[in-house]
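Asks: coordinates only, sequence not included:
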């Protein structure tokens, strides 16, 4: 039986497809520093006398050498370098498929080296993506990756002269590009504040600024007023008087803020004077033509967005 026959027929044993190893073939390998059993094992895995001697002298056992040479496809010099760098044959093959050599200590730096990329937390695929994005050194790539910036977005942020920390802060709140971040920065809103506005439905920086710059509305407040179809200008007039739902009731009943304020002040004064509730209701309805029910705002909030206008009109007509 030739060496090629042995390798072709028996090499699958190295991958675990045999539950029991077949008997070792008889061959001619015999050199002084190996026992006959060991020599037969090298033959079993498909190595010639000279190959077995080279791999054995380099410190490889027959099974290990078979994995590096036949399974992973490495000649002895490369296998030595990869193993010395701390890689298994499977790892080395994966890194090499993605374009990486073994050691960053070799001269020339003509290719990226797997050891430094692995040490900095990259797997082969990620390392290839970051290297192809222009990062020669894994430490630089790690800084951007740790900041939460994706490899697909990193070039944009670098061109904007942003630091990894700044870019990461914007990316973390769902602002993936430097152009969008610039719109927020133009209205003096930082990532932390922008996050609050975005969480409350304000994705246009100018609109968020219009609400926030008045000093009257938090993002949560602006959301409530906006939900009742108030603009920053109209909400500014109504917010000193009452809450959004009640303001919407008065507005839709045709009241101005001043007129609504007059109603509410009179209602307060009547109750404060000890006037019976039924008298208060009758007095206000007679004077203003509407009756402000306590449950109006709750009913209005329960209405769907689509039915909101119809709900308002229905409620207002009941309270006139």
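Replies: Happy to help now that I have it. These numbers come from a predicted model, not from an experiment.

Asks: mind checking how far residue 240 is from residue 222?
Replies: 16 Å (C-beta to C-beta, to the nearest Å). For glycine as for every other residue, the C-beta is placed from the backbone atoms N, C-alpha and C.

Asks: From the neighbour counts alone, determine which of those two ranks first.
Replies: residue 222 (24 against 9; other C-beta atoms under 10 Å).

Asks: just checking, what's the longest helix in this structure?
Replies: helix 257-272 (DSSP state H).

Asks: mind checking how far that helix is from the chain centre?
Replies: Computed by C-alpha atoms, centre = their mean, to the nearest Å, the chain-centroid distance of helix 257-272 equals 52 Å.

Asks: for whatever helix or strand comes next after it, what is the average pLDDT?
Replies: Sequence-wise, the next helix or strand downstream of helix 257-272 (DSSP states H and E) is helix 277-288. Averaging pLDDT along helix 277-288 yields 89.

Asks: got the angle for helix 277-288 vs helix 257-272?
Replies: 160 degrees (axes from the mean of the first three to the mean of the last three C-alpha atoms, to 10 degrees).

Asks: Can you give the distance of helix 277-288 from its chain's centre?
Replies: 58 Å.

Asks: buried set for that helix?
Replies: Using 16 or more other C-beta atoms under 10 Å as the test for burial, helix 277-288 gives 280, 281, 284, 288.

Asks: Tell me where the model's unsure across the stretch 201-320 of the chain.
Replies: Low-confidence segments of the stretch 201-320 of the chain (pLDDT under 70): 293-320.

Asks: again, 80 this time
Replies: The model of the stretch 201-320 of the chain has pLDDT under 80 over residues 291-320.

Asks: What segments of the stretch 51-200 of the chain are strands?
Replies: Under the criterion DSSP state E, counting those that start in this stretch, the stretch 51-200 of the chain contains no strands.

Asks: Let me see the ranges of the helices in it.
Replies: 62-66, 76-84, 89-97, 114-119, 124-132, 138-146, 154-159, 164-172, 178-186, 191-199 (DSSP state H, counting those that start in this stretch).

Asks: is it possible to export the ones you listed to JSON lines including distance to residue 47 and mean neighbour count?
Replies: Output for the helices of the stretch 51-200 of the chain, formatted as JSON lines (distance: least, C-beta to C-beta, whole Å; neighbours: other C-beta atoms under 10 Å):
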{"stretch": "helix 62-66", "distance to residue 47": "7", "mean neighbour count": "21"}
{"stretch": "helix 76-84", "distance to residue 47": "11", "mean neighbour count": "18"}
{"stretch": "helix 89-97", "distance to residue 47": "15", "mean neighbour count": "19"}
{"stretch": "helix 114-119", "distance to residue 47": "27", "mean neighbour count": "21"}
{"stretch": "helix 124-132", "distance to residue 47": "28", "mean neighbour count": "18"}
{"stretch": "helix 138-146", "distance to residue 47": "36", "mean neighbour count": "18"}
{"stretch": "helix 154-159", "distance to residue 47": "46", "mean neighbour count": "17"}
{"stretch": "helix 164-172", "distance to residue 47": "50", "mean neighbour count": "19"}
{"stretch": "helix 178-186", "distance to residue 47": "57", "mean neighbour count": "17"}
{"stretch": "helix 191-199", "distance to residue 47": "61", "mean neighbour count": "18"}
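
Asks: Same list (those helices) but as CSV, adding distance to residue 259 and mean pLDDT.
Replies: Below are those laid out as CSV (distance: least, C-beta to C-beta, whole Å; pLDDT from 0 to 100):
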stretch, distance to residue 259, mean pLDDT
helix 62-66, 91, 93
helix 76-84, 84, 90
helix 89-97, 76, 92
helix 114-119, 71, 89
helix 124-132, 64, 93
helix 138-146, 58, 94
helix 154-159, 53, 96
helix 164-172, 46, 97
helix 178-186, 39, 97
helix 191-199, 32, 97
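
Asks: among those helices, which is nearest residue 248?
Replies: helix 191-199 (22.2 Å; C-beta to C-beta).

Asks: Enumerate the positions of whichever helix or strand comes after the closest one that are buried.
Replies: Remark: after helix 191-199, the chain's next helix or strand is helix 205-212, criterion DSSP H and E. Across helix 205-212, burial judged by 16+ other C-beta under 10 Å covers 205, 207, 208, 209, 210, 211, 212.

Asks: before we move on, back to that, save the buried residues of helix 277-288 as TSV, and put in distance to residue 226 too.
Replies: Shown next, in TSV, are the buried residues of helix 277-288 (distance: C-beta to C-beta, whole Å):
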residue	distance to residue 226
280	32
281	31
284	29
288	27
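
Asks: Pick out whichever of the residues you listed sits closest to residue 140.
Replies: The shortest gap between residue 140 and any of the buried residues of helix 277-288 belongs to residue 288, at 69.6 Å (C-beta to C-beta).

Asks: For that closest one, give me its contacts.
Replies: Applying C-beta atoms under 8 Å, 6 or more residues apart in numbering, we find residue 288 in contact with 259, 263.

Asks: what does residue 242 give?
Replies: 250, 260, 264.
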